[in-house]
Structure formats: C-alpha cells, structure tokens
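Peer 1: What shape does this take:
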Amino acid sequence: MAVSIDEIKRLKDLTGIGLTDAKAALVEADGDFDKALEALRKKGLTKAEKKGEREAREGLVDAYVHSGRIGAMVEVNCETDFVARTDGFKEFVRDIAMHVAASAPEYVSAEEIPAEERERVKVEFSEKAKNDGKPENMIENIVEGMLKKHFAEKCLLDQPYIKNPDQTVGEYLKENITKFGENTVIRQFSRIELGSVN
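Peer 2: Numbering: from 1, shown residues only. Take a look at the predicted model:
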C-alpha cells in the first residue's frame, strides 16, 4: 500500500517518531492516519505521551481580545521557565487564547464534563431517538454518537483548530509538546463576550 509523504511527515511531526517508523505504522494501518496514530499510542511510541507523564508547573497566562468585544485568557503550563520564555511557546499560548475567543469551548477536555451534565444530555438524546422512531436495539449506539459529537463541540481539545481545521486542538497541542520537548498542559481558560452573561 502506497502512503503519501505528507501523511508520513504529519505522523512523524505529531508523534516525534522517525520517518521510517511513521511510514511503517501507516502501511500497517492501510494508509488510515487515525488508525496508525492509535496503533502507535497503544505501543507507547509517541514521545508526546511519554512527556505527558512529567509534571508541568511553569508556563504562561496570556490573553487575546478581538475587536474589543470578545476576550479570552488562558493558562498553559510547561516543565521549565526556559521553554515558557521562548517565542514558540508564547505563540502557542496566544494561538490557544485566540482559538478560545473564536470557538467558545466550555471545557478543556471531556474529563471535565460533570457526570450529571453528561447524564442530562444522554437522557435528552435517548428521548429524541425514541421519538424519532429509531430501532430500540440501535438507540444506545445512536445516543453515544450524538453525545460524542455534542461534547466534542464543547471541549477545547476536541474542537477543530481554527488555524488548521484538519487537526484538533489536542493534535496541535501534541505537535507542540514534541516541538518544545516538554510536557505541555492547557490548564484553564476564561472567555468574556460583550453583552453576554454566563
């Protein structure tokens, strides 16, 4: 199976592995990028995942204001003050603040969604599926799909990244973890829009 050099490079950049390993993973996955990435994760080969085990206590708080009407403030942590002061890290934090201002996420990741909120939405979607006359034996799968899509739109790491919608913010984060050589964590954010009340 022939795989494109662009996909090989993308997998290499995202995971921090060598070109040969990236090509082998894509060939093994029949050219399916997501499948190759998942296989590498299971093998524990992604450098970003290994770095993710290290503690991130340094970092930056930055803000982005759009036209004086929407503002976002984010805290992004890394392991050392040295990395926090680099232009690349500052640019990354600013990009995340800009994304928060534009896309209005509610949570950093799916782990932050309160169980009661997840359950409330699940009940709502189950009722909708039943009312739409979906087969009883398929409702659970349909609802799971609806939940995943619903919360992906609300979780920062699952949203398509505004500067490159072909990747999620989570993938953009992993790409930068590899670039910085340190664990990097988007800790929290706050967004304010003129005239809206939370």
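Peer 1: For E75, give the beta-bridge partners.
Peer 2: V61, Q188 (DSSP bridges).
Peer 1: Give me the local confidence score for it.
Peer 2: Per-residue confidence (pLDDT) for E75: 96.
Peer 1: can you list the domains in this protein?
Peer 2: 5-45, 58-108+154-193, 114-152 (automatic domain parsing).
Peer 1: Let me have the ones you listed in CSV, adding mean neighbour count as columns.
Peer 2: In this view, the C-beta of every residue, glycine as well, is placed from N, C-alpha and C. CSV is the format used below for the domains of the chain (neighbours: other C-beta atoms under 10 Å):
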stretch, mean neighbour count
domain 5-45, 16
domain 58-108+154-193, 18
domain 114-152, 13
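Peer 1: Least reliable of those by average pLDDT, please.
Peer 2: domain 5-45 - the lowest mean pLDDT of these, at a mean of 78.
Peer 1: show me where this structure has helices.
Peer 2: 5-15, 19-28, 33-43, 47-51, 81-84, 87-103, 115-131, 139-152, 169-180 (DSSP state H).
Peer 1: With respect to K163, which of the ones you listed lies nearest?
Peer 2: helix 87-103 (6.6 Å; C-beta to C-beta).
Peer 1: contacting residues around stretch 110-124?
Peer 2: Y107, V143, L147, H150, F151, K154, C155, L157, D158 (C-beta atoms under 8 Å, 6 or more residues apart in numbering).
Peer 1: Widest-spaced pair of these?
Peer 2: So, the contacts of stretch 110-124 by C-beta to C-beta: farthest apart are V143 and L157, at 22.2 Å.
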